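**Student:** Give me coordinates for this.
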Amino acid sequence: MDGAAAALALALVGIAVSAGRSQDLPERLPSLGSAELQDPLLSDAAPVACYEGVMDADSDCCGCGGWCWQMLPDGLIYPSYMAGVKESRIAAKWMREREHGWIWDVTLGGRVGIVRFGRRDGLRPDGWQLDMEGAVFPRLDIANSLDVEAADYRYGVPLTYGRGAYQMKLAFYHLSSHLGDELMLRDPTVPRINFCRDAVVWGHSFYPTENLRLYAEVGLATRTDGGREPWEFQFGFEYSPAGPTGTRPVPFVAANAHLRQEVGFGGNVSVQTGWLWRGATGHMARAGVHYGNGKSDQYEFYNQYESKVGLALWYDY
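**Tutor:** Got it, this is the predicted structure:
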């Protein structure tokens, strides 16, 4: 009798546990072969619930259009200006200057995202993002054994925001200029300028169409030396087909104007055109023609007039 009672008690416990678990089961069991029973690692149709708004950093829903925290995200919310000659990237321009002859302007650096609160999208993400940027801009004299004539150094910390077709940038940057040793030895009469600038920049960018970008920014220096004045303005446009290109490039055209107070709000204009490759994470390579006209963008020679044109390569992270 004791054995029967024990068996009855175990049966009652099993029924109670089964009843409790049944409350967590879905009303409809998926059919065999449906996407709901397939291994998500083996199926492209693995279901993920998506909700608008803010998502947890570990949630898959961030990939469905929600916002989440991301360290070292892909892409930039506020891209560097294509035709901006003092943007941190990798570039090489072989140009003939009207008075000076052949020169080689190089950019060695880059700009990357550090942390983002926004969507996981490498091409045109929404959200807030903190970037870091830095580059050196040497000029080499091709006619004189590639002597370094001068080099500008730049680093900065941009805070950017983007939503839909609009982007905003609030940034700090430091820029200093240095005369090349080879030029000083070759021509001791060339004056050395202690040229530096610490500035805060406020920029705005807008895409009136999917492929066209317009932008403008204002910069105010908090510290200057070597002839620098506080105010600067920059504006321009870029046109290129949006999205990844694959192996086949697409055409692009870009123009940038940079006006500076120390040269009476003159400055320089840059125009670029050529072919562009863009990856799925926003990395971009370009090859084409660069034309520059106006005050020199090498700030050891900031008050000199230059007119130059040549071939160029650019790469943006």
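
**Student:** Residue 80: how many residues sit nearby?
**Tutor:** Neighbour count for residue 80, taken as other C-beta atoms under 10 Å: 19. Any C-beta I mention is one placed from the backbone N, CA and C, and that applies to glycine too.

**Student:** Got the phi and psi for it?
**Tutor:** phi -60, psi 150 (degrees, to the nearest 10).

**Student:** How about the contacts made by it?
**Tutor:** 87, 88, 89, 111, 133, 316 (C-beta atoms under 8 Å, 6 or more residues apart in numbering).

**Student:** Now do the helix or strand where the fourth one lies: which elements does it pack against?
**Tutor:** Assessed by DSSP states H and E, residue 111 sits inside strand 101-118. Counting contacts by 3 or more C-beta pairs under 8 Å, 6 or more residues apart in numbering; DSSP states H and E, strand 101-118 packs against strand 68-71, strand 90-97, strand 127-141, strand 147-163, strand 305-316.

**Student:** Make a markdown table from those strands and add distance to residue 209 and mean pLDDT to it.
**Tutor:** Listed next are the helices and strands packed on strand 101-118 as a markdown table, based on distance: least, C-beta to C-beta, whole Å; pLDDT from 0 to 100:
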| stretch | distance to residue 209 | mean pLDDT |
| --- | --- | --- |
| strand 68-71 | 28 | 96 |
| strand 90-97 | 27 | 98 |
| strand 127-141 | 22 | 98 |
| strand 147-163 | 16 | 97 |
| strand 305-316 | 21 | 98 |
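
**Student:** JSON lines for those strands, including distance to residue 270?
**Tutor:** Listed next are the helices and strands packed on strand 101-118 as JSON lines, based on distance: least, C-beta to C-beta, whole Å:
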{"stretch": "strand 68-71", "distance to residue 270": "33"}
{"stretch": "strand 90-97", "distance to residue 270": "10"}
{"stretch": "strand 127-141", "distance to residue 270": "13"}
{"stretch": "strand 147-163", "distance to residue 270": "15"}
{"stretch": "strand 305-316", "distance to residue 270": "10"}
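
**Student:** picking that back up, direction included, what does the strand holding residue 111 pair against?
**Tutor:** Its sheet considered, strand 101-118 pairs with strand 68-71 (antiparallel), strand 90-97 (antiparallel), strand 127-141 (antiparallel) by DSSP bridges.

**Student:** Hey, what's the angle from it to strand 147-163? Just curious.
**Tutor:** Interaxial angle, strand 101-118 versus strand 147-163 (axes from the mean of the first three to the mean of the last three C-alpha atoms, to 10 degrees): 30 degrees.

**Student:** And strand 101-118, how far out from the chain middle?
**Tutor:** For strand 101-118, the separation from the chain centroid amounts to 9 Å (computed by C-alpha atoms, centre = their mean, to the nearest Å).

**Student:** Stretch 99-113 too?
**Tutor:** With C-alpha atoms, centre = their mean, you get 18 Å for stretch 99-113.

**Student:** mean confidence score for that stretch?
**Tutor:** The average pLDDT for stretch 99-113 rounds to 97.

**Student:** go on, stretch 181-201?
**Tutor:** Stretch 181-201 comes out at a mean pLDDT of 90.

**Student:** Next: stretch 264-278.
**Tutor:** Here the average pLDDT along stretch 264-278 is 98.

**Student:** coming back round to it: what's the closest of the strands paired with strand 101-118 to residue 279?
**Tutor:** Closest to residue 279 of those is strand 90-97 (C-beta to C-beta; 14.7 Å).

**Student:** hang on, the earlier thing: got the buried residues for the strand holding residue 111?
**Tutor:** Within strand 101-118, the residues scored as buried using 16 or more other C-beta atoms under 10 Å are 103, 104, 105, 106, 107, 109, 110, 111, 113, 116, 117, 118.

**Student:** Please give me every residue in contact with residue 266.
**Tutor:** Residues near residue 266 by C-beta under 8 Å, 6+ apart: 259, 260, 294, 295.

**Student:** which residues touch the closest residue to residue 281 other than its chain neighbours?
**Tutor:** Of all residues not flanking residue 281 in the chain, residue 122 sits nearest, at 3.6 Å (C-beta to C-beta, 6 or more residues apart in numbering). Counting by C-beta under 8 Å, 6+ apart, residue 122 touches 73, 74, 75, 279, 280, 281, 282.

**Student:** picking that back up, which members of the buried residues of strand 101-118 are the farthest-apart pair?
**Tutor:** Farthest pair in these, by C-beta to C-beta: 103 and 117, 42.7 Å.

**Student:** Go ahead and confirm residue 152 touches residue 176.
**Tutor:** Yes - if you go by C-beta atoms under 8 Å, residue 152 and residue 176 touch, sitting 7.1 Å apart.

**Student:** Compare neighbour counts for the two and give me the winner.
**Tutor:** Shown here are residue 152 and residue 176; by other C-beta under 10 Å, residue 152 has more neighbours (24 against 17).
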